[in-house]
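In: Okay, here's the prediction I keep looking at, along with the sequence it came from:
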Amino acid sequence: MNRFVRALFISLTAVAGAVSLAVVPATALSLQPASPVVATAKSDVCAGVGLTGGSCGDNGTSVNNVIKTVVIVLSSIVGVVAVIMIIIGGFKYITSGGDSNNIASAKHTIMYAIVGLVVVALAQVIVRFVLSKTP
């Protein structure tokens, strides 16, 4: 069970890190029309969307908002899992009964949970910095 929980936590941390690293190429894409034909097609689509009551706003802003939302949700999930793992590690440490293997396992659980929290916090900082620099 302990290995499963540790693997789950590491997987969630890796997913959050991968999403934060995937932000840079996604935001570096140019969202400007490539040719007049594309510009005309885009305006035609926006006109059609306008007829349905929708709006055809700035794609860059909506992409940034989606990325922010995804990163915040993943970071929240990983943060909650990390706090739960710290609590489990503390409980294991208290109930170890002096067994050196249990103490070492509890310390590793707590250490990995704290490392996961630091990685998530740094991912948040990096994503917010990159998104603030995009036009």
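Out: Received the coordinates, thanks.
In: so where's the longest helix in the protein?
Out: helix 59-94 (DSSP state H).
In: tell me what it is packed against?
Out: If contacts are counted by 3 or more C-beta pairs under 8 Å, 6 or more residues apart in numbering; DSSP states H and E, helix 59-94 sits against helix 2-28, helix 100-133. Placement of C-beta: from N, CA and C, glycine included.
In: Mean pLDDT lowest where, among these?
Out: Mean pLDDT is lowest for helix 2-28 out of the helices and strands packed on helix 59-94, coming in at a mean of 55.
In: And Val66, how far from Ala113?
Out: Distance of Val66 to Ala113, given as C-beta to C-beta, to the nearest Å: 28 Å.
In: So the two - more neighbours on which side?
Out: Shown here are Val66 and Ala113; by other C-beta atoms under 10 Å, Ala113 has more neighbours (23 against 11).
In: For Ser100, see how far away the nearest residue to the more buried one once chain neighbours are set aside is.
Out: Distances taken as C-beta to C-beta, 6 or more residues apart in numbering place Met85 nearest to Ala113, at 3.8 Å, with adjacent residues excluded. Going from Met85 to Ser100 by C-beta to C-beta gives 21 Å.
In: out of those two, which sits in the busier spot?
Out: Comparing Met85 with Ser100 by other C-beta under 10 Å, the one with more neighbours is Met85, at 21 against 8.
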